[in-house]
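1. here is a sequence with its predicted model. Questions after.
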Amino acid sequence: MTAVKLISPTQYVQEAAQAVEHAKKHVYLLSMVISDHDETHVLIEALQSAAKRGVKVVVAGDIFTYGEVGAVSCRFATIVMVHEIRTVW
């Protein structure tokens, strides 16, 4: 059985961004909330960069949670549209 490792949100964002940077074919990200914050810019930029280099990027989010916190940021929504990142809500 594999041990589960609990990590901080900051460490998660850093590790997720590194994984996205190494992706060659596709990235599937499932998240309750993706906020446009200084701490998440590295992940959002990694998704953008992956899409630019031809990696299929799909971001799935919980529409109910997004509705509660005020929807997706304009910056993230623009990146999604410009770089043809597929979103599933």
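-> Right, received. Where do you want to start?
2. quick one: the helices in the chain?
-> For the chain, the helices defined by DSSP state H occupy 9-22, 41-52, 63-69, 74-82.
3. buried residues in the second one?
-> What that stands for is helix 41-52. 42-44, 46-51 (16 or more other C-beta atoms under 10 Å). (Glycine included, C-beta is placed from N, CA and C.)
4. any idea which of these is closest to Lys24?
-> Proximity of the buried residues of helix 41-52 to Lys24 (C-beta to C-beta) peaks at Ala50, which lies at 9.3 Å.
5. so the closest one versus Gln11, what's the distance?
-> In this view, Ala50 and Gln11 are 20 Å apart by C-beta to C-beta, to the nearest Å.
6. before we move on, what about Gly54?
-> In terms of C-beta to C-beta, Gly54 sits 28 Å off from Gln11.
7. now swap in Ser49 and tell me
-> Distance from Ser49 to Gln11, counting by C-beta to C-beta: 20 Å.
8. can you pull out the low-pLDDT segments for the protein?
-> 1, 61-89 (pLDDT under 70).
9. mind running it again at 80?
-> Counting by pLDDT under 80, the ranges of the chain that qualify are 1-2, 31-37, 60-89.
10. my guess is Leu43 meets Gln18, correct?
-> No. Counting by C-beta atoms under 8 Å, Leu43 does not reach Gln18; the two are 9.7 Å apart.
11. contacting residues for Glu21?
-> Under the criterion of C-beta atoms under 8 Å, 6 or more residues apart in numbering, the neighbours of Glu21 are 46, 49-50.
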